[in-house]
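S.K.: just to be clear, the model below is a prediction. Sequence and coordinates:
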Amino acid sequence: MNNSLSRDRALTMATLSQLTYLAHNEGTEVVRHILKSGCPPFVQQYQTIDFLHSPRLFSSTGELACCGFVLSTPNEVAIAIRGTENLDDYFFNLLVQPNSEFIHSGFDNYVESFWEQLQDFLLREDNARKDIFVTGHSLGGAAATLIAKRLQEPGFKPIDPHVLETYTFGAPPVSTVKLILDTPLYRFRNAGDFIPHLPKIVSVLINKVPRLRGAIANWKPNLLQELSDYCHVGSEYLIDKDYQIRQSDQPDIGNVWQWVQFSKALLPQLRVGTRNQALGRG
């Protein structure tokens, strides 16, 4: 397997990630038309286009939301998953406590919400032995990482893809232990983007507010440690302001620290606001 990054492939995956939002906001037929029409020109035309849907958690009408799509050609399958766009997605993001497999509970639940549809598509006889590419932005990137993990598990070994590659954009970490993937994962983020470091930043900030730290310790004694334990997998690529891409061998700690310092500057305001509310002043 060739583990070198393909920039053309990365551009295609970034475009597909963006189209998942369009499918949710403008409708699936809009995206179907774009993909069938050959626009943008650097994205190949896919013969099969299936959209993934999951139930809205906070809907009493059984409403479904489009959370991505699966595409195929005679030789490959592309899976693109949407990121945060509605209240349900924020709920998944906030379920930060890891499950028994050390996986972020919310991200795992998000994947589970559409997994059966995705599994049915991948296990079709005409999709056997095709190359598989998985992508997503933000929450969708976290989901893409977990999809790659599931695809390397024994239940999917019969598919035996020639290639399984994952491309994520601005994705947060998904596990409190280092995931072992036997397939390449390319992780892109804008330089200075704090979302990929959010669990650690939240942990630092909470520790700076004694009352909040104490309340959380009483509620979930291990939560702060778990937040600080979240870690990434795969090769990281930084996208600079001039759109140049460079591989990063070390975490961008400087930018993380800038966000921590900025947030710490807000803490006195938060303390005052909390005290005023307690005194009935706000």
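M.R.: Nice, I can see it. Here the structure is a predicted model, which means the values were calculated and not measured.
S.K.: from here on, just use CA atoms for contacts and neighbour counts.
M.R.: Fine.
S.K.: where exactly do the strands run in the protein?
M.R.: Applying DSSP state E to the chain gives strands spanning 48-55, 64-72, 76-81, 131-137, 164-169, 185-190, 235-239, 245-248.
S.K.: any chance of JSON lines for these, columns distance to Q225?
M.R.: JSON lines is the format used below for the strands of the chain (distance: least, Cα to Cα, whole Å):
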{"stretch": "strand 48-55", "distance to Q225": "32"}
{"stretch": "strand 64-72", "distance to Q225": "31"}
{"stretch": "strand 76-81", "distance to Q225": "29"}
{"stretch": "strand 131-137", "distance to Q225": "26"}
{"stretch": "strand 164-169", "distance to Q225": "25"}
{"stretch": "strand 185-190", "distance to Q225": "24"}
{"stretch": "strand 235-239", "distance to Q225": "24"}
{"stretch": "strand 245-248", "distance to Q225": "26"}
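S.K.: columns mean pLDDT, distance to P199 and mean neighbour count on top of those, output as TSV?
M.R.: Below are those laid out as TSV (pLDDT from 0 to 100; distance: least, Cα to Cα, whole Å; neighbours: other Cα atoms under 10 Å):
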stretch	mean pLDDT	distance to P199	mean neighbour count
strand 48-55	93	26	18
strand 64-72	95	23	22
strand 76-81	96	21	26
strand 131-137	96	17	26
strand 164-169	95	17	26
strand 185-190	93	16	22
strand 235-239	88	17	18
strand 245-248	82	20	14
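S.K.: of all the ones you listed, which lies closest to N109?
M.R.: Evaluated over the strands of the chain, closeness to N109 peaks at strand 48-55, with 10.9 Å, by Cα to Cα.
S.K.: identify the residues contacting that closest one?
M.R.: The contact list for strand 48-55, computed with Cα atoms under 8 Å, 6 or more residues apart in numbering, reads 28, 32, 62-73, 113-114, 117-118.
S.K.: mind running it again at 7 Å?
M.R.: Strand 48-55 is contacted from outside by 62-73, 113-114, 117, using Cα atoms under 7 Å, 6 or more residues apart in numbering.
S.K.: that strand versus strand 64-72: what angle between them?
M.R.: 150 degrees (axes from the mean of the first three to the mean of the last three Cα atoms, to 10 degrees).
S.K.: could you give the angle of strand 48-55 to strand 76-81?
M.R.: Using the same axes, to 10 degrees: strand 48-55 against strand 76-81 is 30 degrees.
S.K.: what is the burial count for the spatially closest residue to S138 that is not a sequence neighbour?
M.R.: Leaving aside its chain neighbours, S138 sits nearest to A171 (4.2 Å; criterion: Cα to Cα, 6 or more residues apart in numbering). Using other Cα atoms under 10 Å, A171 is surrounded by 26 other residues.
S.K.: residues contacting A171?
M.R.: H137, S138, L139, G141, A142, P196.
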